[in-house]
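Engineer: What shape does this take:
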Amino acid sequence: MPAADPTTAPDTATLLALLGAGPWVVLTGAGLSTNSGIPAYRDRHGQWQHAKPIQHQEFLASELVRRRYWARSHVGWQAMSRAEPNAGHRAIAELERLGLVGTVITQNVDGLHHQAGSQSVIELHGSIARVLCLSCQRRYPRAQVQALLQAGNPLFDPPPSAVSRAAPDGDAHLEDQHYTGFQVPVCPACQGLLKPDVVFFGDNVPRERVAAASQAIEGASAMLVVGSSLQVYSGFRFAEQAHRLGKPVIAINQGVTRADALLAAKLDQDCSEALTQLMSGCQVAKA
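Structural biologist: The predicted structure follows:
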């Protein structure tokens, strides 16, 4: 497919012609959830906006890193758990209902696609709403672990001045002195190590999720990337695959993406606005 012309914003009719009759695969990233109050990791130039996220091996190896993670998550979860789907999530769910979107592959761990009503969702990096015991493999609702965190740290109440700002994926920026004595809970069943049921940076996406996403792309007419710079290979690989198979790859993203040279078209526009316009165009076409 030819590379997208960055100087030309395709209209809805052009996008629909490129996307075809479906099913489409939609790959979503953090840029889709910013209108739900969840910050993105990167700016429009693909550069980090926050401190580098926690690394998988550091979490496993260091009690201090786990204490830091859970203290920050204890604060951040209070906002994360209240997040609601925005117009972009709802538009994708409606496009699925119309028979155009076959599968949503999301890099997000916020669960907002499910809340919006999407049925076929591959959570590539897992879900922040679950917690996994690395010893016995039991899974717990995040709300249950939040209660354990509260019970183990009844006096933990950092002042607002210590929490500088919200961070992605249920995290919060917290000054160091406020988590040095934080008590981290263990698995209620086996006293094993608890970890959010998400793929940390430096860890591998489970093979079955990669296989399911790859299979969905093989059966799709096109791929629509929404709100992702695709800087992380776990998402970029699917844009590469779609392009290699000769399927149009279209992006709705404010800023650069790693796949810009592969794109058949690109909208540098707010995700919710663009998806709402696309959905309206599809509803008119279906009428």
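
Engineer: quick one: the strands in the stretch 1-150 of the chain?
Structural biologist: Counting by DSSP state E, counting those that start in this stretch, the stretch 1-150 of the chain has these strands, from start to end: 24-28, 101-106, 121-123, 126-133, 139-141.

Engineer: any low-confidence regions in this structure?
Structural biologist: 1-9, 40-52, 158-179, 287 (pLDDT under 70).

Engineer: Give me the most central residue, it.
Structural biologist: Asn108 (1.2 Å; C-alpha atoms, centre = their mean).

Engineer: need the contact list for it.
Structural biologist: Contacts for Asn108 (C-beta atoms under 8 Å, 6 or more residues apart in numbering) come out as Thr28, Gly29, Ala30, Leu32, Ser33, Ile38, Glu123, His125. Heads up, the C-betas are built off the backbone N, CA and C, glycines and all.

Engineer: Between which two of those residues is the distance greatest?
Structural biologist: Ile38 and Glu123 (14.8 Å; C-beta to C-beta).

Engineer: Could you find the closest non-adjacent residue to Asn35?
Structural biologist: Of all residues not flanking Asn35 in the chain, Asn86 sits nearest, at 4.1 Å (C-beta to C-beta, 6 or more residues apart in numbering).

Engineer: no wait, Ala143
Structural biologist: Using C-beta to C-beta, 6+ apart, the closest residue to Ala143 is Ser81 (7.2 Å).

Engineer: State the distance from that neighbour to Leu230.
Structural biologist: 28 Å (C-beta to C-beta, to the nearest Å).

Engineer: Neighbour count for these two, which is higher?
Structural biologist: Applying other C-beta atoms under 10 Å to Ser81 and Leu230 shows that Leu230 carries more neighbours, namely 26 against 15.

Engineer: wait, the more buried one sits on Gly255?
Structural biologist: No - here Leu230 does not reach Gly255: they are 11.0 Å apart, not a contact under C-beta atoms under 8 Å.

Engineer: and this protein, what are its domains?
Structural biologist: As recorded under automatic domain parsing, the domains making up the chain are 1-38+85-125+205-287, 48-82+129-198.

Engineer: What separation is there between Thr106 and Gly227?
Structural biologist: For Thr106, the distance to Gly227 - C-beta to C-beta - is 10 Å.

Engineer: Which of the two has more residues huddled nearby?
Structural biologist: Counted by other C-beta under 10 Å, Thr106 and Gly227 do not tie: Thr106 has more neighbours, with 30 against 27.

Engineer: List the residues that contact the residue nearest to the more buried one when sequence neighbours are not counted.
Structural biologist: In space, and not counting its chain neighbours, Thr106 is closest to Thr28: 4.6 Å by C-beta to C-beta, 6+ apart. Residues in contact with Thr28 (C-beta under 8 Å, 6+ apart) are Ile92, Val104, Ile105, Thr106, Gln107, Asn108, His113, Val225, Val226, Gly227, Ser228.

Engineer: Any idea how many residues pack against the fifth one?
Structural biologist: A total of 21 residues lie near Gln107 under the criterion other C-beta under 10 Å.

Engineer: Could you do the last one as well?
Structural biologist: Neighbouring residues of Ser228 were enumerated by other C-beta under 10 Å; the total is 29.

Engineer: wait, it sits on Ala30?
Structural biologist: Yes - counting by C-beta under 8 Å, Ser228 touches Ala30, with 7.2 Å between them.

Engineer: Is it possible to get a markdown table of the contacts of Asn108 that adds distance to Arg138?
Structural biologist: Listed next are the contacts of Asn108 as a markdown table, based on distance: C-beta to C-beta, whole Å:
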| residue | distance to Arg138 |
| --- | --- |
| Thr28 | 29 |
| Gly29 | 30 |
| Ala30 | 29 |
| Leu32 | 31 |
| Ser33 | 28 |
| Ile38 | 27 |
| Glu123 | 19 |
| His125 | 20 |
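
Engineer: Now do the helix or strand where Gly281 lies: distance to the chain's middle.
Structural biologist: Using DSSP states H and E, the element containing Gly281 is helix 271-286. Counting by C-alpha atoms, centre = their mean, to the nearest Å, helix 271-286 is centred 22 Å from the centre of its parent chain.

Engineer: Just the buried positions in that helix, please.
Structural biologist: Cys271, Ser272, Ala274, Leu275, Thr276, Gln277, Leu278, Met279, Cys282 (16 or more other C-beta atoms under 10 Å).
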